[in-house]
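In: Structure, please.
(2 chains)
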Amino acid sequence: MKKNRYAYYPGCSLHATAAEYDRSLTAVCRRMDIELVEIEKWVCCGSTAAHTKSRLLAEALPMASLARMEAMGIEEVIVPCPECFSKLKTAQHHVARDRKTRKSVADIIQTQCYEEARIYHPLKIFSEDPLLSQIPSLVTQDLSGLKIACYYGCLITRPPEIAGFDNCEAPESMDRVLKAAGLRTVDWNHKTRCCGSSFAVSKPEIVKDLSGQVLDDARSAGADAIAVGCPVCHVNLDTRQPEGFDMPVFYFSQLMGASFGMSPTDLLLHRHYTEANTWLERFLQSGYITHLQ
Amino acid sequence: MTEIPVKGKTYHFSDAVKAAGGIDTSWCYQCGKCAGGCPLVHEMDLTPAQLIHGIQLGLTDLVATSRTYWMCASCQTCTTRCPQHVDVAGVMAAVKIVMENEEHPPLVPEVQAFNFSFLENIKLFGRTYEPGVVAMFKLRTREFTRDLGMGVEMIKKGKFNLLPRFTGAWSVRKIFMRAGRREKR
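Out: Numbers count the residues shown, from 1 in each chain, chains lettered A, B, ... in the order given. From the prediction side, this is the model:
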């Protein structure tokens, strides 16, 4: 088996509202010689709703997808959506520690629970050697004029015994990856503060409040743009900006792709709600940031 | 100590929470660190620590009429910081399950409506069909005009897949059925 071969669980968002995350991540992985094999017929992980209805359901849904991965004969899976990442790891954590749950879940999904699966967020493998030291050699576009606030949100690093990488209060992995790709990152306070997550539909005013705090802090720390690694954080920060705030929000993989020389259109930047496509194009042409309008 | 019936049997309230979420609330010694870090505590009527105290004391009515557990975004800050390793965010989810089994009306119906819409949606499609979740949510809450402009803009940008797909739908429905049957036992 090739060393850099991983199973891939994109999750529902990456096939819909976050298609740009999917596109940029797979493109970046191809450049880094990582082969991603999508799990066949994966199903929804249950996200923010299943565990408020039934604990067994919240454990069975992720385990069903992991069981399909076992059938493919791959041990390691990359899960770019933190909501899915957290749900897959939580289910695996519970099933591995409780024999009764394991038996019930196996009955529900009608196959064995795959407890040995190793589940990674892409930031984990990108921020560690050998991949981290490989990144600078792939950079073809100088983006050192951009100052980025790396926003981790909640579930990439929390709770630490589930996520199992980086520091849960002051994470550094995304900063390391983007610095290796030639960007500058800022120190700021709201790295792991919640953006309001699934209240986006049910309680938009809460999201406006919480995401507003994150955006304000990023600006006062001197950042030109925000980088995220979560489809929900992206939607919330991108769509709930106050009138005239105009701070582009990128997936970290889009910024990596841009520094690897991919064009803004290839990275699907035109799909963003807050203008990011023209912003980056102008920066690439002139070498400095021009504010729109 | 108030006793409430859950699934036909009588438990103490904290036992019902333990049965629903597998979390032992008796470890909590009321330091309030969960309340200190919670980004949504200003939207709650009881702090997470107070809600847990209510569970420990078996004050079912106090907990049932609280907004607290509906306003939790499951950001896991409290769970991460708890010095006693109580999964506080998990308690919020467990209380939701207990209260739903008890058929208490939710104090923040929009949140419950969203959760229902989401689950109905994956039960039908196997994977989330986002326009379906939004449509179902709007039908439940009857708030058709909220965020309409933003929705239209997102459709224009091609953010939504307009047509649903049914990959894995049948296996998800079977998982729902079997899990439901097991929970009833």
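In: Secondary structure element holding A:Leu25?
Out: helix A:19-31 (DSSP states H and E).
In: List of residues touching that helix?
Out: Helix A:19-31 is contacted by residues A:8, A:10, A:13-15, A:35-36, A:80, A:122, A:138, A:231, A:234, A:251, A:253-254, A:256-257, A:260, A:262, A:266-269, A:271-272 when judged by Cβ atoms under 8 Å, 6 or more residues apart in numbering or on different chains. Heads up, the C-betas are built off the backbone N, CA and C, glycines and all.
In: Go again with 7 Å.
Out: A:10, A:14-15, A:36, A:80, A:122, A:138, A:231, A:251, A:253-254, A:256-257, A:260, A:262, A:267-268, A:271 (Cβ atoms under 7 Å, 6 or more residues apart in numbering or on different chains).
In: just stretch A:179-186 next, same as before
Out: For stretch A:179-186, contacts defined as Cβ under 7 Å, 6+ apart pick out A:132, A:135-136, A:139, A:142-144, A:146-150, A:175, A:178, A:221-223, A:255-256, A:259.
In: Give me the residue ranges of the chain where confidence is low.
Out: Assuming you mean chain A. A:1-3, A:290-293 (pLDDT under 70).
In: hm, I was asking about chain B
Out: B:1-11.
In: Walk me through the domains of it.
Out: Taking automatic domain parsing as the domain assignment, the ranges for chain B are B:3-101, B:109-184.
In: Make a markdown table from the ones you listed and add distance to chain A to it.
Out: Shown next, in a markdown table, are these (distance: least, Cβ to the nearest Cβ, whole Å):
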| stretch | distance to chain A |
| --- | --- |
| domain B:3-101 | 4 |
| domain B:109-184 | 4 |
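In: which of these is buried the deepest?
Out: Most buried of those by mean neighbour count (mean count of other Cβ atoms under 10 Å in any protein chain shown) is domain B:3-101; its value is a mean of 19.
In: what separates that domain from the chain centre, distance-wise?
Out: Offset of domain B:3-101 from its chain centre (Cα atoms, centre = their mean, to the nearest Å): 11 Å.
In: check which helix or strand covers the residue lying closest to B:Gly151 once chain neighbours are set aside.
Out: Distance criterion Cβ to Cβ, 6 or more residues apart in numbering or on different chains; nearest residue to B:Gly151, sequence neighbours excluded, is B:Val134 at 7.1 Å. According to DSSP H and E, B:Val134 maps onto helix B:130-141.
In: Helix or strand: which one has the residue positioned nearest the centre of chain B?
Out: Nearest to the geometric centre of chain B sits B:Ala93, at 4.6 Å (Cα atoms, centre = their mean). Taking DSSP H and E as the criterion, B:Ala93 maps to helix B:88-101.
In: Quick one: residues in contact with the following helix or strand past that helix.
Out: Under the assignment DSSP H and E, the closest C-terminal helix or strand after helix B:88-101 is helix B:109-125. For helix B:109-125, contacts defined as Cβ under 7 Å, 6+ apart pick out A:44, A:47, A:49-50, A:52-53, A:198, A:201-203, B:70, B:106, B:128-129, B:132-133, B:136-137, B:140-141, B:164, B:166, B:169, B:172-173, B:176.
In: and helix B:109-125, how far from the chain's centre?
Out: Computed by Cα atoms, centre = their mean, the separation of helix B:109-125 from the middle of its chain amounts to 11 Å.
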